[in-house]
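Novice: here is a sequence together with a model predicted from it:
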Amino acid sequence: MTYETLVYNISIIVISIIIDMIIGEVPNKIHPVILMGNLIDKLKNYLPNTKFSGLLTILITVSVFTFISLTLLILCAYINVWLFVIFASLLLSTTFSINFLIESVRNIQKDLEEDIEKARKSMSYLVSRNTSELTESRITSAAIETLTENITDSIISPLFYTTILSLLFGIIIGIIGAVIYRVSNTMDAMLGYKTKELINIGCFPAKLDDILNYIPARLTGYYVVLSSFILRYDYKQSYDVMKKFALKTPSPNSGYPMAATAGALNITLIKEGVYELGYGTDELTKEKISEAIKITKVTSILFILTIVIIYFIIMFLVL
């Protein structure tokens with residue numbers, strides 16, 4: 001891989017992050033994740049509720065969005081290099097969501113300050129649990145759980161696969177990798193529940209998402225510990241709680257960032273009847289959401305800096 005190619009690759013990655021942070025999400029009518037959701041929903045309704053249907057849903061959805069993305073990327077590259085850079089950056093920006101994730105949870109905090117009923121309703125859009133009777137502390141816990149779990153899903157994983165694949169095979173394959181990850185994660189969000197309706201068709205999508213998040217989730221946990229150190233939270237407890245509680249959740253992955261954050265903030269995150277993460281003694285007040293947002297921001301920045309540093313080291317080596 002040449003120096004010039006590496007410059008293009010890292011430029012597209014950085015531009016996509018800037019787009020997400022400044023402009024935010026593209027309109028829903030053309031947002032790939034919305035389109036993925038529509039296709040998954042149609043397949044769920046038309047296909048029988050079997051494990052094979054879940055596998056078929058993976059194959060169809062991945063094939064459709066890989067083909068469309070690859071065709072448009074190649075077409076843009078053929079027409080003009082700057083058109084390619086702009087489109088590739090826009091497409092990549094839709095596979096992760098730093099700004100939207102943080103703002104969604106910040107809005108829950110604002111709702112808590114105004115009216116708990118409003119906060120309960122807002123929280124219901126982000127979690128699968130019944131929120132109608134959640135107390136302030138339980139809403140705070142759910143908000144922090146959602147925020148920190150999604151550091152992996154919404155930020156680290158798509159950028160992880162983009163970086164690895166772009167260094168090995170080029171930026172187009174890197175972006176396709178992020179698109180495939182986003183397809184998998186969207187399928188898991190829609191189908192990966194152990195309910196009578198979804199337990200069969202959602203089996204393979206849930207397993208695929210677990211596999212793809214396995215390494216990124218653990219990386220995220222360690223980055224949260226490092227962020228806790230930088231922010232002068234209890235990084236030792238963050239590490240200890242992560243090691244002891246990370247596998248207490250039904251998911252083999254989501255517990256890592258959640259438990260590390262619980263330890264850092266000296267709190268216990270609780271989902272009634274499912275898990276308790278940590279042994280913290282601090283009260284779960286809405287101010288803890290602000291602290292979790294700080295950890296999320298620093299974790300994201302550290303991971304992005306890691307990507308940039310890796311690229312610069314390789315660029316230096318090929319000069």
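Specialist: Sure, I can see it. Residues are numbered from 1 along each chain as shown.
Novice: the chain: strands as residue ranges?
Specialist: Assigned by DSSP state E, the strands in the chain fall at 269-271, 275-277.
Novice: just put those in a markdown table and tack on mean pLDDT.
Specialist: Shown next, in a markdown table, are the strands of the chain (pLDDT from 0 to 100):
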| stretch | mean pLDDT |
| --- | --- |
| strand 269-271 | 93 |
| strand 275-277 | 95 |
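Novice: okay, these in CSV with mean neighbour count and distance to Asp209 next?
Specialist: Backbone N, C-alpha and C define where each C-beta goes, glycine included. Putting the strands of the chain into CSV (neighbours: other C-beta atoms under 10 Å; distance: least, C-beta to C-beta, whole Å) gives the following:
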stretch, mean neighbour count, distance to Asp209
strand 269-271, 21, 19
strand 275-277, 21, 18
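Novice: make CSV out of those strands and add distance to Thr306.
Specialist: What follows is those, written out as CSV (distance: least, C-beta to C-beta, whole Å):
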stretch, distance to Thr306
strand 269-271, 26
strand 275-277, 26
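Novice: so what touches stretch 107-123?
Specialist: 126, 131-134, 136, 139-140, 142-143, 286, 289-290 (C-beta atoms under 8 Å, 6 or more residues apart in numbering).
Novice: quick check: buried residues in that stretch?
Specialist: 107-109, 111-112, 119-120, 122-123 (16 or more other C-beta atoms under 10 Å).
Novice: output the lowest mean pLDDT helix or strand found in this structure.
Specialist: The helix or strand with the lowest mean pLDDT-type score in the chain, counting by mean pLDDT, DSSP states H and E, is helix 116-124 (a mean of 89).
Novice: correct me, but Asp240 touches Gly263?
Specialist: Yes. Between Asp240 and Gly263 a contact is recorded at 6.1 Å, counting by C-beta atoms under 8 Å.
Novice: burial of the closest residue to Ser157 other than its chain neighbours, as a residue count?
Specialist: Spatial nearest neighbour of Ser157, chain neighbours left out: Pro216 (4.1 Å); criterion: C-beta to C-beta, 6 or more residues apart in numbering. Residues within reach of Pro216, counting by other C-beta atoms under 10 Å, total 25.
Novice: re the thing from before, pipe the buried residues of stretch 107-123 into a markdown table and attach distance to Gly24 per row.
Specialist: Shown next, in a markdown table, are these (distance: C-beta to C-beta, whole Å):
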| residue | distance to Gly24 |
| --- | --- |
| Asn107 | 14 |
| Ile108 | 18 |
| Gln109 | 19 |
| Asp111 | 20 |
| Leu112 | 23 |
| Ala119 | 23 |
| Arg120 | 26 |
| Ser122 | 18 |
| Met123 | 21 |
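Novice: between the residues you listed, which is nearest Val62?
Specialist: Nearest to Val62 out of the buried residues of stretch 107-123 is Met123 (C-beta to C-beta; 31.3 Å).
Novice: please list all residues in contact with the closest residue to the closest one other than its chain neighbours.
Specialist: Once flanking residues are discounted, Met123 sits nearest to Thr131: 4.6 Å by C-beta to C-beta, 6+ apart. Residues near Thr131 by C-beta under 8 Å, 6+ apart: 120-121, 123-124, 139, 142.
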